[in-house]
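# Here is the input, now give the coordinates:
(2 chains)
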Amino acid sequence: MRQLFTIYCKEVMELWRNFKWIWVPLVFIFLGVMQPITTFYMPEILDAVGGLPEGSVIEIPLPSGGEVLAKTLSQYGTMGILILVLCFMGIVSAERESGVVGLIMVKPVSHTLYITAKWLGAASLTFVSFLFGYLASWYYTNLLIEKVQFFLVVKSFFIYLPWLLFVITVTLFVSTYLKGSGAIAFLSLSIAAGLFIVTSFLSQNMGWSPAMLPSYSTSLIVAGQLDSGLFSAVLATFVMIVVLIVGAIAYFKSTFHMG
Amino acid sequence: MTLLKVNNLRKRYGKHEAVKGISFQLEEGRCVSLLGPNGAGKTTTLSMLAGLIHPTSGEIYFQGISGTDFRQQIGFLPQYPSFYNWMSGREFIEYVGKLAHIPTGEIRKRSDEVLEFVGISIAKNRKIGSYSGGMRQRLGLAQALIHKPKLLILDEPVSALDPIGRREVLNLIKSINKETTVLFSTHLLHDAEEISDDLLIMHRGEILLSGDMKMVMSEAQQPVIHIKGESSLEKWAEQLKTYGYITKIICNHEHLQIMVTDLEESKSKLLKEIAEKEIPIRKFEVAETTLEDLFMKVVGV
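Next up, the predicted model:
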């Protein structure tokens, strides 16, 4: 357990030293704040870029606060995921590539704790970035659009979070098997996008899919309703996260002889 | 007492067999050098001992440990060590020290000790990214020593260093060896001869010679006469080959290396012949074969 803590601290410190603790939350905050702001100022923005033709009458209905937050979530589903995958693509492979992992693993280090600590480090950054970004989005939505129930925001946060954790776990898994960062990022994004597309085609039968979490989270924040497939999706997501971590550990372990 | 015993260790990469079923043992407290030309399988062997790669077959036994995981008891310095360049030297040493189960209360003192010992305590708060090659090698030694291992395995510890750095690291290895068994690979024969008690010579994945350095050397010792001429001695060398007291002759233009059976007899005979035939020589030297000669003989170059 002490080893887990030691490696986790090292991971957190590394993320700090290469400024990921600064810029990843900043990107999430930026993405979160942009939605309410652009929605609110849309008429002014249209004016500034040349305005509408003389005499045209267009009603731009102000969306509800829930809809704005749903748009924020959909931003996190694209840009947010891209940032997270790029951020963690080298999480295991970079240390293998540089060779430093050899120096670490000749010490009596448990392979299980090594991978688990790395996952915890990545999950911490993901949690904090998503939390700050989503809270910022909620704050500006309250300010500019309309009040949204805090309780709903918290619930939708915890329904969406496992999807982000699932994506970083896929990245960690791929990073354990492959070496080149480009290939890792491409494959991780493809897996996430592929699952998302397949799920949206077969949404009737794939209510349990991790890729359903964004839509469950969205329908909660927009309409305040909890879909029936939610529980199975959360459960399946956590099972898949555990399976992926165990798979990563098993492969990582198999590349060394001792321990 | 035997510290480590290797039995029929084998490593195959596809069709290529890098290590062909070697067996040897390391005695406690000795300094053992593993010699061999490039591609002999030295690094592969050491990496298997350090647990970084799987042997294809064979066993490794470590004194007093029943399982196969004896990482707590070994320190390993790879040929090209890499670190977390964003850490300072001290942070790295403390990190690996914690991983090697050094109690939290002792970690600061212990890491200061080893950094002092390897001579980089002035730079310990600097980022590793700014370290020179020699400092990285020392930091590599420090991380291998931090948990007081019983066996220190060093892969080419001095090959990449300048003469001064090499001398200093050799002295460090000597003083480490007072408390710890050391196994190191090198292709610098002079260094091996200077600091090691035992030697293992590897070639093409096999161990061709092993044993106590002094005994092996004295067994293989053969008197040799070096002659340097003013011009090419090749013609004379052709004649010399027919003489019975000469076992081997190596001729390189004006340089002659003559292995002989009886030193006194051949010395006087050769000198007499040089005088009679008025062979123009610059130098006539009686010597003994060195580790290099032995090495060349064993690997058959």
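
# pLDDT value on the residue nearest to B:A50 when sequence neighbours are not counted, please?
Distances taken as Cβ to Cβ, 6 or more residues apart in numbering or on different chains place B:F76 nearest to B:A50, at 4.1 Å, with adjacent residues excluded. No exception for glycine: its C-beta is placed from N, CA and C like everyone else's. Confidence at B:F76, expressed as pLDDT, is 96.

# isn't B:F76 right next to A:V106, touching?
Yes - here B:F76 reaches A:V106: they are 4.3 Å apart, a contact under Cβ atoms under 8 Å.

# Between these two, which contacts overlap?
In terms of Cβ atoms under 8 Å, 6 or more residues apart in numbering or on different chains, B:F76 and A:V106 are both contacted by the residues B:A50, B:L52.

# Okay, B:I120 and chain A: tell me how far apart.
Distance of B:I120 to chain A, computed by Cβ to the nearest Cβ, to the nearest Å: 16 Å.

# residues in contact with that residue?
By Cβ under 8 Å, 6+ apart, the contact set of B:I120 is B:G89, B:Y131, B:M135, B:R138, B:L139, B:A142.

# mind giving me JSON lines with those and columns for pLDDT and secondary structure?
As requested, those are exported to JSON lines (pLDDT from 0 to 100; DSSP: H, G, I helix; E, B strand; the rest coil):
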{"residue": "B:G89", "pLDDT": "96", "secondary structure": "helix"}
{"residue": "B:Y131", "pLDDT": "95", "secondary structure": "coil"}
{"residue": "B:M135", "pLDDT": "93", "secondary structure": "helix"}
{"residue": "B:R138", "pLDDT": "94", "secondary structure": "helix"}
{"residue": "B:L139", "pLDDT": "96", "secondary structure": "helix"}
{"residue": "B:A142", "pLDDT": "96", "secondary structure": "helix"}
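
# nearest to B:E276, of those?
Nearest to B:E276, judged by Cβ to Cβ, of the contacts of B:I120 is B:R138 at 59.0 Å.

# Isn't that closest one up against B:N171?
No - judged on Cβ under 8 Å, B:R138 makes no contact with B:N171 at a distance of 11.9 Å.

# More neighbours: those two, which one.
B:R138 (25 against 11; other Cβ atoms under 10 Å in any protein chain shown).

# Which residue does the stretch 51-200 of chain B have closest to chain A?
Per Cβ to the nearest Cβ, B:G51 is where the stretch 51-200 of chain B lies closest to chain A, at 3.2 Å.

# Likewise for the stretch 201-301 of chain B?
Closest residue of the stretch 201-301 of chain B to chain A, Cβ to the nearest Cβ: B:G205 (18.1 Å).

# For A:V242, see how far away that residue is.
B:G205 sits 42 Å away from A:V242, going by Cβ to Cβ, to the nearest Å.

# Those two: which is more packed in?
Between B:G205 and A:V242, counting by other Cβ under 10 Å, B:G205 is the more crowded of the two (21 against 11).

# how about that one, phi and psi?
Phi and psi for B:G205, reported as degrees, to the nearest 10, are phi 80, psi 10.

# quick one, what contacts it?
Counting by Cβ under 8 Å, 6+ apart, B:G205 has contacts B:E17, B:A18, B:V19, B:K20, B:I22, B:A40, B:G41.
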